[in-house]
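Visitor: here is my input; please provide its structure:
(one chain, ligands or ions: 1)
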Amino acid sequence: MTDERLPEPLQWDGEHASPLALSTYADAEERLLSEDVVAHVHGCSSCAWRLGEMALMTRSVDEALRSAQPSRPPEASHAIPWGAVAASVALSVAGFVPRLAAMPHAAASLLGKLAHVAPVLAHAAGHVAHGGLGVEWTGLALVSACLLVAGSLAVARLRPATRAL
Ligand SMILES: [Zn+2]
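Guide: Alright, predicted model coming up:
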């Protein structure tokens, strides 16, 4: 058994127990004190008084710590920046207004092009529906799908992690 006790001079303050010895006693670490100091604390009214004061101070500090509200980090703002949204919508509208004059002509042109493309698309769709894509096109579609999935996984893994608050 090791003799881990406070050095004797640190346990005494004159003829009474030192503050360190009283604190050690209050922390229920009597094994660190000499038997003489423990016996003195039990028998001396002055040391008992100081021990009581120390216990009251400890209790008041404990209560103060319990009553204090823990500081919370400022919450991140998740509010929608309506001003920025409104400004971007206004800019988009302002950029679109000059094109409004050309809109009827562009719409007519698009419809004309669709009228030319629609029979070709319908013919191709009918061909695919009857004969299928064929082995080469099916393989190419599968390779494309695999590349898209692999690319998505790579992007998901390389994306910097966001911290949950
Ligand atoms: Zn004393």
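Visitor: what does the chain put close to the ion?
Guide: 16, 44, 46, 47 (Cβ under 5 Å from the ion). To be clear about C-beta, it is placed using only N, CA and C from the backbone, and glycine gets the same treatment.
Visitor: so the first one makes contact with residue 48?
Guide: No. Contact between residue 16 and residue 48 fails when scored by Cβ atoms under 8 Å: they sit 10.5 Å apart.
Visitor: buried residues, stretch 10-18. List them.
Guide: Buried residues in stretch 10-18, counted by 16 or more other Cβ atoms under 10 Å: 11, 12, 16, 17, 18.
Visitor: the third one: what's it in contact with?
Guide: Right, the one you point to is residue 16. 40, 44, 46, 47, 50 (Cβ atoms under 8 Å, 6 or more residues apart in numbering).
Visitor: again, only this time at 6 Å
Guide: 46, 47 (Cβ atoms under 6 Å, 6 or more residues apart in numbering).
Visitor: go on, the fourth one?
Guide: The neighbours of residue 17, taking Cβ under 6 Å, 6+ apart as the test, are 37, 40, 41, 47.
Visitor: ditto for the second one
Guide: For residue 12, the contacting residues are residue 18, by Cβ under 6 Å, 6+ apart.
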